[in-house]
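Chemist: sequence? don't have it. structure:
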């Protein structure tokens, strides 16, 4: 029994250490102390920079140049919805942190509609969500569009104490359920979802566009309160 508890402790330690100790879990060719999720710089115009990218300014093509060409680009659509244009990295080294990343492209509905009509194929994902692959010419056009939001899912589970240690005290907390709460950092353009039953999610926008993250949460909270 002691051995079992010791083994569990070692596994948990191996998962958690990379988020605390610089250099742990590092990837060859990647500086373990740069490009980290909490390294956010701000400018005087209400913008920000994270992972070497500027939400709302940097294009999808610049994302490829900065983080690698392995990004998968597609339209992600729920049933009966037009969908959004997104880029996805299944695994990315952000300093010494391994994570999945989704970038949401700022594409107009008209452009997405045209891309869907020309799409190569559509694959069903979980909950009947569809992933619609683009034609080569539409992929090239997407590279010229700015990225309005960056979402990161670390491979390790984070608790609220760890998040506060890295980012400081949030400006606001929005509790949606017993297991899900959002820590909001409007001055950083950051929303951190803490989920006891799932993976944590970090969402970045330009601070001047923070309403894009906060308003849907306030609306969801109001809807829950009205039931």
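Modeler: Now that the structure is in, tell me what you want to look at. Predicted, not measured: the structure shown is a model, and the values here were computed from it.
Chemist: residues contacting the residue lying closest to residue 56 once chain neighbours are set aside?
Modeler: Counting by CB to CB, 6 or more residues apart in numbering, the nearest residue to residue 56 once its immediate chain neighbours are dropped is residue 206, at 4.2 Å. (Glycine included, C-beta is placed from N, CA and C.) Going by CB atoms under 8 Å, 6 or more residues apart in numbering, residue 206 touches 46-48, 54-57, 189.
Chemist: and those, which of them are in helices?
Modeler: Among those, none falls in helices (DSSP state H).
Chemist: tell me, what residue is most central in the protein?
Modeler: residue 151 (1.0 Å; CA atoms, centre = their mean).
Chemist: distance of it relative to residue 143?
Modeler: Using CB to CB, to the nearest Å, we find residue 151 at a distance of 19 Å from residue 143.
Chemist: coming back round to it: using the three-state scheme, assign the residue nearest to the centre of the chain.
Modeler: strand (DSSP: H, G, I helix; E, B strand; the rest coil).
Chemist: what does the one 10 residues further on give?
Modeler: Counting by three-state DSSP, the backbone at residue 161 sits in helix.
Chemist: can you count the residues close to it?
Modeler: Counted by other CB atoms under 10 Å, the residues lying close to residue 161 total 8.
Chemist: could you do residue 45 as well?
Modeler: Residue 45 has 10 neighbouring residues, counting by other CB under 10 Å.
Chemist: that one and residue 106, how far apart?
Modeler: Applying CB to CB to residue 45 and residue 106 gives a distance of 17 Å.
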